[in-house]
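Enquirer: Could you work out the structure for the sequence below:
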Amino acid sequence: MSSETITCPDRPMLIRILEGKAPPEEGEALAQHVENCPQCSAQILRLREESTPVPLSVPPQLQRPWKAFWMFAATLLIVSIAIYCVVQQVHRP
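Expert: All right, here's what the predicted structure looks like:
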């Protein structure tokens, strides 16, 4: 397939090319076309500018929001047991 026989890919295909997910049988020919076509090259540049980097990992404070909850629950349980023990000691005959 030569670059002359390929029509300009649509936006979803350009995004797949940009992400490296173009169909293997067409990928090389499409990439070559995009390099040689001013319209496709310009659109690829716009797509790169529009895309925002996605964080590879979640910040630690967002990974374990349950930790604060369970720490609070454990503290509440310990305080409740302590209050129960004190009340039992006070009301002993």
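Enquirer: And the helices in this structure?
Expert: 11-19, 24-36, 38-50, 60-63, 65-90 (DSSP state H).
Enquirer: Could you dump those into CSV and include mean neighbour count?
Expert: From N, CA and C alone the C-beta is placed, and that goes for glycine too. Converted to CSV, the helices of the chain look like this (neighbours: other CB atoms under 10 Å):
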stretch, mean neighbour count
helix 11-19, 15
helix 24-36, 15
helix 38-50, 12
helix 60-63, 8
helix 65-90, 10
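Enquirer: By mean pLDDT, show me the worst of the ones you listed.
Expert: If you rank the helices of the chain by mean pLDDT, helix 60-63 sits at the bottom with a mean of 63.
Enquirer: Domain boundaries for this protein, per the record?
Expert: The record's domain parsing of the chain by automatic domain parsing lists 1-54, 56-93.
Enquirer: Run the chain-centre distance for the first one.
Expert: I take that to be domain 1-54. Distance of domain 1-54 from the chain centroid (CA atoms, centre = their mean, to the nearest Å) equals 23 Å.
Enquirer: Once you drop chain neighbours, what's closest to residue 11?
Expert: Nearest-residue entry for residue 11: residue 43, 7.3 Å, with adjacent residues in sequence omitted and distances by CB to CB, 6 or more residues apart in numbering.
Enquirer: So that neighbour versus residue 12, what's the distance?
Expert: 12 Å (CB to CB, to the nearest Å).
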